[in-house]
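Colleague: predicted model and sequence follow; I will ask about them next.
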Amino acid sequence: MKKIRKCLFPAAGYGTRFLPATKAIPKEMLPVLTKPLLQYGVEEAIEAGCDTMAIVTGRGKRAIEDHFDISYELEHQIKGTSKEHFLKEIRQVIEQCTFSYTRQREMKGLGHAILTGETLIGEEPFAVILADDLCENKNEGVLSQMVALSEKFPQHCIVAIEEVPKEETHKYGVIAGEEIQKGLYRVTDMVEKPDPKEAPSNLAIIGRYILLPEIFDVLRTTPPGKGGEVQITDALLHLAKEEKVLAYKFIGRRFDCGSVDGFVEATNYFYELENRKK
Ligand code: G1P
């Protein structure tokens, strides 16, 4: 099995829940403290061993490309001043990996966004991070845990899961599975955003995936599902029927930064964390 080098970031969504903030700024660029959400995701991917970031953008998302590039004017202004250290982290990120971009012209769902990224991925297994699921773990990042697992199970796709209150299943892809070792499930069923009454469990998919390149062929023939959009959950169900999908209960915390409540919670949490470091 090839090493996981590439990480795909679907980043074409409108971010309507954060309007008016997201009218001219991509939602992936909203900062938790001083760092944009997407940079947290990129740093998690680098920690997991990825060196190629494949970003699926859309109209109005140019700030993302500018962020992961050198700003000569800024570098010039800040050089040798007391503020230079503010650029240290982003400089390191830019030096450690490459960024490539493609545009999703129409919003046809997460599955469609991932298929749009095929041109940047090619024929190799890859990771997917949804930047608005912000994950934190002291020792090993969530994607790194999944990459380690994929080395043991190279013929499987892997989704990250966590237990959610049953009444919240309508916000997530939800799996059913057989626990094959502690915290690891062989997926037998998966449903996109089911009503609590119809949910096969309370194990919700969160925005971290390890996918095999065969997912692209499946996505090409996956009809629109929930909300009239092509769902990655439906494509994965196809592979789950061939026993090719695992679900992993990750170690760490996850903040739903796609919602204002989760965003505020993440901000408070990272603020406390930074203060403790001082
Ligand atoms: C997407 C997926 C869903 C998953 C969720 C995790 O939904 O479709 O299966 O549970 O991400 O955040 P979205 O939140 O983009 O509506």
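Modeller: Arrived safely. Numbering: from 1, shown residues only.

Colleague: in the stretch 51-200 of the chain, which spans are strands?
Modeller: Here the stretch 51-200 of the chain has its strands, by DSSP state E, counting those that start in this stretch, at 52-57, 98-103, 126-129, 133-136, 157-163, 173-181, 184-192.

Colleague: which one of those strands lies nearest to the ligand?
Modeller: strand 173-181 (2.5 Å; Cβ to the nearest ligand atom). Just so you know, the C-beta spots here come from the backbone N, C-alpha and C atoms, and that holds for glycine as well.

Colleague: distance of residue 114 relative to the ligand?
Modeller: 10 Å (Cβ to the nearest ligand atom, to the nearest Å).

Colleague: and for the spatially closest residue to that residue that is not a sequence neighbour, the neighbour number?
Modeller: Computed as Cβ to Cβ, 6 or more residues apart in numbering, the closest residue to residue 114 that is not its neighbour in sequence is residue 232, at 5.7 Å. Applying other Cβ atoms under 10 Å, we find 31 residues neighbouring residue 232.

Colleague: now do residue 232 against residue 107, distance only.
Modeller: 14 Å (Cβ to Cβ, to the nearest Å).

Colleague: so what's residue 257 up against?
Modeller: For residue 257, the contacting residues are 30, 32, 37, 131, 132, 133, 134, 263, 266, by Cβ atoms under 8 Å, 6 or more residues apart in numbering.

Colleague: next one: phi and psi at it?
Modeller: The phi/psi pair for residue 257 (degrees, to the nearest 10) reads phi -80, psi 10.

Colleague: sec struct for the closest residue to residue 131 other than its chain neighbours, please.
Modeller: Nearest non-adjacent residue to residue 131, counting by Cβ to Cβ, 6+ apart: residue 41, 4.1 Å away. Recorded secondary structure, residue 41: helix (DSSP: H, G, I helix; E, B strand; the rest coil).

Colleague: surely residue 41 and residue 9 touch.
Modeller: Yes. Assessed by Cβ atoms under 8 Å, residue 41 is found in contact with residue 9 at 6.1 Å.

Colleague: show me which residues of this structure are close to the ligand?
Modeller: Counting by Cβ under 6 Å from any ligand atom, the residues of the chain close to the ligand are 110, 130, 133, 172-173, 192, 204-207, 231, 233, 258.

Colleague: give me the subset of those that lies in helices.
Modeller: Judged by DSSP state H, helices contain the following of these: 110, 233.

Colleague: between the residues of the chain next to the ligand, which sits nearest residue 117?
Modeller: Taking Cβ to Cβ as the measure, residue 117 sits nearest to residue 110 out of the residues of the chain next to the ligand, at 10.8 Å.

Colleague: contacts only, for the residue lying closest to the closest one once chain neighbours are set aside.
Modeller: Spatial nearest neighbour of residue 110, chain neighbours left out: residue 232 (5.0 Å); criterion: Cβ to Cβ, 6+ apart. Residues near residue 232 by Cβ under 8 Å, 6+ apart: 110, 111, 114, 128, 173, 209, 215, 219.

Colleague: my guess is the second one meets residue 237, correct?
Modeller: No. Proximity of residue 111 to residue 237 does not meet the contact threshold set by Cβ under 8 Å, at 11.1 Å.

Colleague: which one's more surrounded, these two?
Modeller: residue 111 (25 against 22).
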